[in-house]
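Asker: my questions are about this predicted structure, shown below with the sequence.
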Amino acid sequence: FYFKAGSKKKPINQKIKEIIKKITTEGNIFAFNIKSLLVSEVDFPKKKERTGRVIDLRPKGIMADIVSKRKIEEEPKEIFEEEPVFSEPLPFIKKEKIKREREFKIFTRKFWITALVIICILGLSYVVYFVLPRAQVIISPKKEKVNFDTEITVDKNINSVDEKEGKIPGQFFQLESSVSKEFPTTGEKEVEEKAKGTITVYNQYSSSPQTLVKTTRFKATDGKIFRLVDTVTIPGATIDEGKIIASSKDVEVIADEAGGAYNIGPSKFTIPGFEGSPKYAAFYGQSSAAMSGGAKGKMKVATKDDIDGATNIVTIEVKDKVKKEFQEKIPQGLKLLESAQSLEIIESSSNLKANQPGERFIVTVKARASGLAFKEQDALFLAGKIMNEKISENKILLLSTIKINYQSVKNNFTQGETALTCKVEADAAWNFDEEKIKNDLAGKNEADVRIYLSSIPEIENARVIFWPFWVKKIPSNKNKIKVISNVQ
């Protein structure tokens with residue numbers, strides 16, 4: 001049966017169904033031209049310059065014996081309006097079951113997937129059993145106490161540790177401080193004391209010096225007389241461009257009579273001996289402080305015990321003060337031993353002497369603190385060097401455990417040195433051969449590792465860490481073994 005594609009009589013899908021039904025029941029082959037089907041192209045005898053196509057609607061394989069295989073191309077989007085001319089029907093072909101020949105392929109997709117899985121498994125196995133396994137052996141060696149006595153000298157004249165001489169550098173510090181305190185007098189006595197004080201005598205007369213003998217009188221503005229305690233010479237004045245510039249000198253004077261009336265305040269003084277001469281106006285005196293000490297009758301006096309007791313009290317206070325100030329002066333990072341400090345009283349005074357009248361008196365004490373400070377790190381370093389020479393080679397000194405107990409101190413600040421007698425204590429750990437332990441442990445299981453480590457006398461205790469968790473023995477590669485010395 002032949003028909004025209006796209007016929008209006010019946011829809012093309014219905015026609016195809018009828019053709020398929022014919023083929024399956026009668027086994028006949030029909031040739032036709034149809035859009036959008038993939039077909040095997042067959043050349044027919046020319047008739048009106050038209051060609052036809054043969055479509056194999058039977059199972060694959062039957063037409064392979066009849067129509068040669070060609071590249072299947074998409075049919076042009078063209079619908080014949082005219083009835084195509086076809087060749088004569090193909091001869092009847094018996095319906096046979098032809099087995100489809102299948103090509104045997106090795107490198108299929110399934111093959112590559114399987115190979116990739118196998119490679120991944122092998123690679124993972126290698127990593128798990130040869131790369132990941134590691135072992136860490138943490139060993140705590142046996143320790144023992146080591147101690148010895150030595151002498152370390154702190155020297156301000158060097159800048160670095162001198163191991164040969166046993167010296168470390170030091171810095172010299174010095175500080176002075178004073179304390180003044182007022183105390184009441186406790187003694188009583190019948191006294192006749194003359195007031196005393198200091199005045200400044202001026203020479204505005206000439207450039208020649210002027211000698212004033214002992215007991216020379218000086219008259220205050222209120223008429224009270226004071227006398228020189230000692231003979232003095234007043235230097236000559238200076239002449240500058242015709243002008244006289246007065247010279248001066250401080251002198252000690254004492255009241256002419258006893259009594260508190262002479263305890264006068266600052267005043268101007270004249271010299272009665274020059275009265276009536278040009279020197280009277282040119283030589284004069286001036287006091288800047290009050291006269292004191294004048295007394296008469298039964299009065300309060302400072303006893304020796306008063307002064308000594310007050311001095312002791314002030315001495316203690318000044319020592320505490322200078323110590324505190326001295327410690328504050330030492331920079332951080334430097335150590336100053338208390339026994340290496342020199343503390344001395346350099347001055348002590350009282351404004352009243354024993355049995356001198358007065359209601360109250362003032363005691364002043366001045367102290368000086370000196371010392372050589374040093375870096376304790378330098379002392380520990382030097383002690384470690386000395387100790388390393390004293391311990392055996394099969395032991396390791398634990399520098400962090402060194403302690404120095406300073407027993408005695410000898411200061412020689414004149415030479416800038418302080419000698420320290422020290423008792424040094426430290427821990428020393430037994431040494432062990434890490435490489436030998438790695439070589440001996442390689443490949444051993446957990447039980448053998450315990451037996452081996454317990455047989456080494458230098459080890460106090462040990463701990464083995466396997467990684468990952470499934471590893472049960474030490475890796476054979478010693479590079480995968482880490483030995484750690486746990487010294488605390």
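Answerer: Cool, the structure landed.
Asker: beyond the helix or strand of the chain with the lowest mean pLDDT, next helix or strand please.
Answerer: None of the helices or strands of the chain scores lower by mean pLDDT, DSSP states H and E than helix 12-26, at a mean of 60. Note on helix 12-26: by DSSP states H and E, the next helix or strand toward the C-terminus is helix 109-126.
Asker: tell me what that following helix is packed against?
Answerer: Applying 3 or more C-beta pairs under 8 Å, 6 or more residues apart in numbering; DSSP states H and E, one finds that helix 109-126 makes contact with no other helix or strand. Every residue, glycine included, has its C-beta placed from N, CA and C.
Asker: buried residues, whichever helix or strand comes after it. List them.
Answerer: Per DSSP H and E, helix 109-126 leads on to strand 134-141 as the next helix or strand towards the C-terminus. The neighbour-count check on strand 134-141 (16 or more other C-beta atoms under 10 Å) flags 134-135, 137, 139-141 as buried.
Asker: next one: stretch 443-461
Answerer: In stretch 443-461, counting by 16+ other C-beta under 10 Å, buried: 444, 449, 453, 456, 459.
Asker: same check, this time on stretch 465-473
Answerer: 466, 471, 473.
Asker: buried residues in stretch 353-371?
Answerer: 356-358, 361, 363-371.
Asker: does the residue most central in space within the chain sit in a helix, a strand or a coil?
Answerer: In the chain, the residue lying closest to the centroid (C-alpha atoms, centre = their mean) is Gly333, at 14.2 Å. Secondary structure for Gly333, judged by DSSP: H, G, I helix; E, B strand; the rest coil, is coil.
Asker: so where's the protein shaky on pLDDT?
Answerer: 1-105, 125-132, 488 (pLDDT under 70).
Asker: longest helix anywhere in it?
Answerer: Using DSSP state H to define each element, the chain has its longest helix at helix 304-329.
Asker: list of residues touching whatever helix or strand comes next after that helix?
Answerer: Following helix 304-329 in sequence order, the next helix or strand is strand 341-350 (DSSP H and E). For strand 341-350, contacts defined as C-beta atoms under 8 Å, 6 or more residues apart in numbering pick out 176, 178, 302, 307, 310-311, 314-315, 318-319, 322-323, 326, 361-371, 411, 413.
Asker: at 6 Å instead, please
Answerer: 307, 311, 319, 361, 363-371, 411 (C-beta atoms under 6 Å, 6 or more residues apart in numbering).
Asker: equivalent analysis for stretch 460-478, please.
Answerer: Contacts of stretch 460-478 (C-beta under 6 Å, 6+ apart): 132-140, 142, 438, 441-445, 449, 453.
Asker: over to Asp222. Which of the three states is it?
Answerer: Per three-state DSSP, Asp222 ends up coil.
Asker: returning to that earlier point: among the buried residues of stretch 443-461, which are in strands?
Answerer: Of the buried residues of stretch 443-461, the ones assigned to strands by DSSP state E are Ile459.
Asker: for the buried residues of stretch 443-461, which one is nearest Val213?
Answerer: Ile459 (98.9 Å; C-beta to C-beta).
Asker: hang on, the earlier thing: for the buried residues of stretch 443-461, which one is nearest Thr186?
Answerer: For the buried residues of stretch 443-461, the minimum distance to Thr186 (C-beta to C-beta) is 77.7 Å, reached by Ile459.
Asker: contacting residues for the closest residue to that closest one other than its chain neighbours?
Answerer: Nearest non-adjacent residue to Ile459, counting by C-beta to C-beta, 6 or more residues apart in numbering: Ile139, 5.5 Å away. Ile139 makes contacts with 459, 462, 485, as judged by C-beta under 6 Å, 6+ apart.
Asker: from Leu397, how far off is the last one?
Answerer: As defined by C-beta to C-beta, to the nearest Å, Ser485 lies at a distance of 14 Å from Leu397.
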